[in-house]
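Trainee: 3D model of this:
(2 chains)
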Amino acid sequence: MLVDGPTFRRLVRGRTLLVSAEHDALSVRQVAARVGLSPSHFIRMFAALFGDTPHQLRTRARLERAKQLLAEGATVTEACVELGFASVGSFSGLFHRRTGAPPSVYRRAVAAPRRAPLVPGCLGLMSEVPAAAPSNSEEAPPP
Amino acid sequence: MLHIKLSSVMVEDQAKALAFYTDVLGFAKKLDIPVGEYRWITVVAPGRDDLELALEPNGNPAGKVFQQAMFAQGIPIAAFESTDLDADHARLSARGVAFTQAPTVAGPVKIAVLSDTVGNLIQLYQPL
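Mentor: Down below sits the predicted model:
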């Protein structure tokens, strides 16, 4: 499948709209219209280019925002309301299925003192040691 | 003596990346070692072991920003050599792979660009 330049740019714009909190109220059909593609064309090309349907990508983006909110100290209920999920139950269930842990457990894990969530650096995984946060200069060994 | 033995691409989802790079592109899995919540995964060209490509998680937010910006600008993040680009293009197109550039002669090479479905554009090239 060839995605030509103008269509590529439309799909990238569509992706930006789908993952932004600001445009969360737009349906997939409305996003397709905004970028000037028919819904079926948009969905088919989108999946080939990004590996997810627009709906799947939006769900993933919402869960990433949920993780961010929980890491910043929001309660599970607050995160749920903020992201517009219909109920805490559906939010928790989806979060658990996709991330492997309920949001309450995730929240406690990232909030635990001195334990940042694992963020691998480039090639940092190779040493099998989670990439450490950059040490500040006071802790640096003397030259 | 130093060798160039390892290169890497950042990927959005390691399991999906492994499936695409092996089942679709045709590389062979070399290593797959669990590391915390991620995996150390490398692939090699079938029958060759001269260069491993690591499929690294883009868990670092800075990595995601870089990856998405390069993609949006249409810039490939890596390039693989093909011995028959037209055949590879036909084979991959039949598998539903999205190309942003069909095989095109550009000076001493023929090039094409595909999406790896995990956040990157990849260039394929065949020296002429």
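Trainee: packing partners for the helix or strand bottoming out on mean pLDDT in chain B?
Mentor: Lowest by mean pLDDT, DSSP states H and E among the helices and strands of chain B is helix B:61-72, with a mean of 92. Here helix B:61-72 touches strand B:6-11, going by 3 or more C-beta pairs under 8 Å, 6 or more residues apart in numbering or on different chains; DSSP states H and E. (Glycine included, C-beta is placed from N, CA and C.)
Trainee: Skipping its backbone neighbours, what lies nearest residue B:18 in space?
Mentor: residue B:41 (5.6 Å; C-beta to C-beta, 6 or more residues apart in numbering or on different chains).
Trainee: now the helices: where do they sit in chain A?
Mentor: Per DSSP state H, chain A carries helices over the ranges A:5-19, A:28-34, A:39-50, A:54-71, A:76-82, A:88-99, A:103-111.
Trainee: Revised request: answer the last question for chain B.
Mentor: For chain B, the helices defined by DSSP H cover B:14-19, B:61-72, B:85-94.
Trainee: which residues touch the closest residue to residue B:88 other than its chain neighbours?
Mentor: Nearest residue to residue B:88, sequence neighbours excluded (C-beta to C-beta, 6+ apart): residue B:82, at 4.7 Å. Neighbouring residues of residue B:82 by C-beta atoms under 8 Å, 6 or more residues apart in numbering or on different chains: B:88, B:124, B:125, B:126.
Trainee: The least confident helix or strand of chain B to helix A:39-50, inter-axis angle?
Mentor: With axes from the mean of the first three to the mean of the last three C-alpha atoms, to 10 degrees applied, the angle from helix B:61-72 to helix A:39-50 works out at 120 degrees.
Trainee: Only C-alpha atoms, please: export helix B:61-72 in CSV.
Mentor: C-alpha atoms of helix B:61-72 as CSV (Å, rounded to 0.1, in the frame of the first residue of the first chain):
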residue,chain,number,x,y,z
PRO,B,61,9.6,10.4,26.9
ALA,B,62,12.5,12.2,25.1
GLY,B,63,12.8,9.2,22.8
LYS,B,64,9.1,9.3,22.0
VAL,B,65,9.3,13.0,21.1
PHE,B,66,12.3,12.4,18.8
GLN,B,67,10.7,9.3,17.2
GLN,B,68,7.4,11.0,16.5
ALA,B,69,9.0,14.2,15.2
MET,B,70,11.2,12.2,12.8
PHE,B,71,8.2,10.2,11.6
ALA,B,72,6.1,13.2,11.1
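Trainee: Tell me which residues are up against that helix.
Mentor: So helix B:61-72 is in contact with A:12, A:119, A:122, B:10, B:12, B:58, B:77, B:119, B:120, B:121, going by C-beta under 8 Å, 6+ apart.
Trainee: residues near residue 111, how many?
Mentor: No chain was given, so I picked chain A. Residue neighbour count, defined by other C-beta atoms under 10 Å in any protein chain shown, stands at 12 for residue A:111.
Trainee: please go with chain B instead
Mentor: 19.
Trainee: And for residue B:83?
Mentor: Neighbour tally, residue B:83, other C-beta under 10 Å: 8.
Trainee: That one: what's it in contact with?
Mentor: Going by C-beta under 8 Å, 6+ apart, the list of residues near residue B:83 reads residue B:126.
Trainee: ditto for residue A:38
Mentor: residue A:32.
Trainee: And the pLDDT for it?
Mentor: pLDDT recorded at residue A:38 is 97.
Trainee: now residue A:121
Mentor: 54.
Trainee: before we move on, what about the one 3 residues further on?
Mentor: pLDDT, the model's per-residue confidence, is 57 for residue A:124.
Trainee: Please apply the same query to residue A:84.
Mentor: pLDDT at residue A:84 comes out at 81.
Trainee: No more questions from me, cheers.
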